[in-house]
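Undergrad: After the sequence you'll find the predicted model.
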Amino acid sequence: MSIAENIHHLEAQLQGTNCRLVAVTKTHPVELLREAYEAGARLFGENKVQEMAAKQPELPADIEWHLIGHLQTNKVKYIAPFVHTIQSVDSLKLLQEIEKQGAKNDRIINCFLQFHIADEETKTGLFSLPEAEEILQSEAYRAMHHLRITGVMGIATNTDDEAQLRREFQELRGYFEKLKASYFADAETFREISMGMSADYRLAIEEGSTLIRVGSAIFGHRNYATAAS
């Protein structure tokens, strides 16, 4: 199927849910991103800062850019002028840099707290609710005015075990619900649970995802040769 057909197929599955589609565009050329845009996609997810910063000026201004990969503090400045949401916040240090760059650009940048929910050591993220609470209770966080924490994100284990995937998605939703009750009860903007990718998004939707991050099911397998050039 074409990119447009794939997007329409995914959007049809999201009808009647509280979930939206983030088209994961990493390693794909701008021409394919334009096809996705013309098919209605407006939320684009990139893993690498350099790639996002290079593509953003080439595409329409109403695209909502989400950084979904691990983010180093020294790279924040390159996306701070335009990024909509940084989904991969896993430390107070990173939040402090986002705050600094948000202030420089006179912007409020949305952030998700990323939790480590997978049974894989290579994945990044906060390992527990107390880790997140330590950040939210800190004086440094409370003094921030140029970022807004609007949800949580997690990457499930790469497995065909549906029971395990559901447990991991339920764990992330549990983190969201506890943080909502304790820290964001009056914040309507704290409402996103970003979980589910091409292989497991159907389960994630059933478990309460509000954002699925889908790449290969839209664009096909990634072209690493193009990405490296």
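TA: Structure's in. What do you need?
Undergrad: so where does Phe44 fall, helix or strand?
TA: Under the criterion of DSSP states H and E, Phe44 resides in strand 43-46.
Undergrad: mind listing what that strand pairs with, with the direction of each?
TA: strand 20-24 (parallel), strand 64-67 (parallel) (DSSP bridges).
Undergrad: Counting by contacts, list what the helix or strand following that strand packs against.
TA: Downstream of strand 43-46, the next assigned helix or strand under DSSP H and E is helix 49-55. Here helix 49-55 touches strand 64-67, helix 76-79, going by 3 or more Cβ pairs under 8 Å, 6 or more residues apart in numbering; DSSP states H and E. For every residue, glycine as well, the C-beta is placed using N, CA and C.
Undergrad: Please, where are all the strands along the protein?
TA: Using DSSP state E, the strands assigned to the chain run over residues 20-24, 43-46, 64-67, 85-89, 109-115, 147-154, 192-194, 211-214.
Undergrad: can you list those strands in CSV and add mean neighbour count, mean pLDDT and distance to Gly174?
TA: Formatted as CSV, the strands of the chain follow (neighbours: other Cβ atoms under 10 Å; pLDDT from 0 to 100; distance: least, Cβ to Cβ, whole Å):
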stretch, mean neighbour count, mean pLDDT, distance to Gly174
strand 20-24, 24, 98, 21
strand 43-46, 22, 98, 24
strand 64-67, 22, 98, 23
strand 85-89, 24, 98, 18
strand 109-115, 25, 98, 10
strand 147-154, 23, 98, 10
strand 192-194, 25, 98, 10
strand 211-214, 24, 98, 17
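Undergrad: Make a markdown table out of these and add distance to Lys178.
TA: Putting the strands of the chain into a markdown table (distance: least, Cβ to Cβ, whole Å) gives the following:
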| stretch | distance to Lys178 |
| --- | --- |
| strand 20-24 | 23 |
| strand 43-46 | 26 |
| strand 64-67 | 24 |
| strand 85-89 | 17 |
| strand 109-115 | 11 |
| strand 147-154 | 10 |
| strand 192-194 | 12 |
| strand 211-214 | 19 |
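Undergrad: for the protein, which residue is closest to the average position?
TA: The structure's the chain has its C-alpha centroid closest to Gln87; by Cα atoms, centre = their mean the separation is 3.8 Å.
Undergrad: Export the lengthiest helix in the chain to PDB, keeping only CA atoms.
TA: The longest helix of the chain (DSSP state H) is helix 162-183. Only the C-alpha atoms of helix 162-183 are listed here, as PDB (Å, rounded to 0.1, in the frame of the first residue of the first chain):
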ATOM      1  CA  GLU A 162       1.200 -10.200  24.300                       C
ATOM      2  CA  ALA A 163       0.900 -10.700  28.000                       C
ATOM      3  CA  GLN A 164       4.300  -9.100  28.700                       C
ATOM      4  CA  LEU A 165       3.500  -6.200  26.400                       C
ATOM      5  CA  ARG A 166       0.200  -5.600  28.100                       C
ATOM      6  CA  ARG A 167       1.900  -5.700  31.500                       C
ATOM      7  CA  GLU A 168       4.400  -3.100  30.400                       C
ATOM      8  CA  PHE A 169       1.800  -0.800  28.900                       C
ATOM      9  CA  GLN A 170      -0.300  -1.200  32.100                       C
ATOM     10  CA  GLU A 171       2.800  -0.200  34.100                       C
ATOM     11  CA  LEU A 172       3.300   3.000  32.100                       C
ATOM     12  CA  ARG A 173      -0.400   3.800  32.400                       C
ATOM     13  CA  GLY A 174      -0.100   3.300  36.100                       C
ATOM     14  CA  TYR A 175       2.700   5.700  36.300                       C
ATOM     15  CA  PHE A 176       0.700   8.300  34.400                       C
ATOM     16  CA  GLU A 177      -2.400   7.800  36.700                       C
ATOM     17  CA  LYS A 178      -0.300   8.200  39.900                       C
ATOM     18  CA  LEU A 179       1.500  11.300  38.600                       C
ATOM     19  CA  LYS A 180      -1.800  12.800  37.500                       C
ATOM     20  CA  ALA A 181      -3.400  12.300  40.900                       C
ATOM     21  CA  SER A 182      -0.400  13.500  42.900                       C
ATOM     22  CA  TYR A 183       1.100  16.300  40.800                       C
END
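Undergrad: Good, wrapping up.
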